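Trainee: this one's structure only:
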């Protein structure tokens, strides 16, 4: 997917064009289309006796379900369910507002630069390798993932977990995987996905998972391909809404103390499809490795002495984007040199100004995108609704960052942790019954 620049005769602009072509060709493929549909079960595990008395949590993510979609498209089940529980004005994604970084922030309580998944695809200079969501060898390699995901925390305390897809759930992180999980496969029909969750809740107490993650990609796909205002996106929102309504109804029949937390990883916005950005050429392009993207482009210097000169050159040619040095990125992004725990952030960062995107090639880009600073582009904000035995009823709270979900879910499940996270218990105090 990425290439090392090796010829001084090629300009950066030309190389960026080629990299973008490869990038978007890759992204147009159906994700993991050949994935297995067989459940994977880790043998020999059981809930510790005291864990069997704990409540249950189903953590649902509807990818790209923007903070205002429920009202905008009258998602009747979600509107009704959130009135019976709690709702936030919005949930604020971490920067960059991309899928993999934010799903992993939700389950680790850490900002992307602290847990290591800094983007959907990125270069790691220490490994001299690229992580990309399309490469199963990377997705399933636990050494790429920092932090302690909620399912790892639970399994460490002998509480069983199940993942019907979630970023990181297919990798042995700290040597631990969820007791029940599936290889990612978008071909599973929604009805079967719902039945899988219900089957987990009908297992004997000692084998029943108390934390279940459930990922839904439909809204994000429609938003990218057609835009957030398109009829296809409205249809996807209604499909998810119907699924949530049915799942909640069936879960209630079990009589179990189940809490359902409905979230998204980011929002979606329309972009300028006619006036796309290209990166100005630089004289010493052979000294940089490029990680391309639509909203953000990262340059990793092979020769650190070239950074300042190249930065000044790019800075002079800014038009529709901003140029940053790694050490001068806005502090509120938690993405600069001070936060770069795994040394994966580029030496020079180019950030497109909304509504512009970086794009190369003869075809127009898709109309819907995300990845911008959520403080600057409200359409990046995500959703948070929750209902069930542990939540207050009819409670509304202000917007909050997604890293605060970790202590909330840990509290619901009665799990303890001593490791440091970026989230705190501010949301816990506002939404849980006491």
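Mentor: Noted; the coordinates are in hand. From a predicted model like this one, the values you see are computed outputs, not experimental measurements. Residues are numbered from 1 along each chain as shown.

Trainee: for stretch 253-264, the distance to its chain's centre please.
Mentor: Offset of stretch 253-264 from its chain centre (CA atoms, centre = their mean, to the nearest Å): 21 Å.

Trainee: do stretch 186-201 as well
Mentor: For stretch 186-201, the distance to the chain centre is 21 Å (CA atoms, centre = their mean).

Trainee: ok, and what's touching it?
Mentor: 30-33, 35, 37, 39, 56, 58, 162, 164, 180, 182, 208-209, 212, 214, 216-217, 239, 243, 246-247, 250-251, 254, 256, 258 (CB atoms under 8 Å, 6 or more residues apart in numbering). Backbone N, C-alpha and C define where each C-beta goes, glycine included.

Trainee: how about residue 336, what does it touch?
Mentor: Contacts of residue 336 by CB under 8 Å, 6+ apart are 113, 326-330, 345.

Trainee: neighbour count for these - can I get that in TSV?
Mentor: Below are the contacts of residue 336 laid out as TSV (neighbours: other CB atoms under 10 Å):
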residue	neighbour count
113	26
326	22
327	11
328	12
329	21
330	15
345	25
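
Trainee: ranges for the strands of the stretch 101-250 of the chain?
Mentor: Counting by DSSP state E, counting those that start in this stretch, one finds strands in the stretch 101-250 of the chain at the ranges 121-124, 129-132, 161-164, 180-181, 211-216.

Trainee: tell me the most buried of these?
Mentor: strand 161-164 (a mean of 27; mean count of other CB atoms under 10 Å).

Trainee: how far off centre is that one?
Mentor: With CA atoms, centre = their mean, you get 17 Å for strand 161-164.

Trainee: returning to that earlier point: so which of the strands of the stretch 101-250 of the chain comes closest to residue 300?
Mentor: strand 121-124 (5.6 Å; CB to CB).

Trainee: contacts for the closest one next, please.
Mentor: By CB under 8 Å, 6+ apart, strand 121-124 touches 1-2, 23, 129-134, 289, 291, 293, 298, 300, 342-344, 346.

Trainee: which neighbours does that strand have in its sheet, and in what orientation?
Mentor: Strand pairing for strand 121-124, using DSSP bridges, gives strand 129-132 (antiparallel).

Trainee: what about the helices in the stretch 151-300 of the chain?
Mentor: For the stretch 151-300 of the chain, the helices defined by DSSP state H, counting those that start in this stretch cover 190-201, 218-226, 231-253.

Trainee: tell me the mean pLDDT over the first one?
Mentor: In this model, helix 190-201 has an average pLDDT of 97.

Trainee: number the residues from 131 up from this point.
Mentor: From this message on, residue numbering opens at 131, which makes the last subject helix 320-331.

Trainee: buried residues in it?
Mentor: 323-324, 326-327, 330-331 (16 or more other CB atoms under 10 Å).

Trainee: what angle separates it from helix 361-383?
Mentor: Angle of helix 320-331 versus helix 361-383, following axes from the mean of the first three to the mean of the last three CA atoms, to 10 degrees, is 30 degrees.

Trainee: now do the second one
Mentor: With the same axes, to 10 degrees as the criterion, the two stretches helix 348-356 and helix 361-383 enclose an angle of 180 degrees.

Trainee: buried residues in helix 348-356?
Mentor: 348-354, 356.

Trainee: check the last one too.
Mentor: Counting neighbours by 16+ other CB under 10 Å, one finds that the buried residues in helix 361-383 are 363-364, 366-371, 373-375, 377-378, 381.

Trainee: and that helix with strand 341-346, angle?
Mentor: Using the same axes, to 10 degrees: helix 361-383 against strand 341-346 is 160 degrees.

Trainee: for helix 361-383, which helices and strands make contact with it?
Mentor: Under the contact criterion of 3 or more CB pairs under 8 Å, 6 or more residues apart in numbering; DSSP states H and E, helix 361-383 touches strand 186-192, helix 199-202, helix 206-214, helix 320-331, strand 341-346, helix 348-356, strand 388-393.

Trainee: can you verify residue 470 is assigned to a strand?
Mentor: No - going by DSSP: H, G, I helix; E, B strand; the rest coil, the assignment for residue 470 is coil, not a strand.

Trainee: retrieve the pLDDT associated with it.
Mentor: 98.

Trainee: how close does the residue lying closest to residue 253 once chain neighbours are set aside get to residue 181?
Mentor: Excluding the flanking residues, the one nearest residue 253 by CB to CB, 6 or more residues apart in numbering is residue 421, at 4.8 Å. Applying CB to CB, to the nearest Å, one obtains 42 Å for the distance of residue 421 from residue 181.

Trainee: and the two? which has more neighbours close in?
Mentor: Using other CB atoms under 10 Å, the more surrounded residue of residue 421 and residue 181 is residue 421, with 24 against 20.
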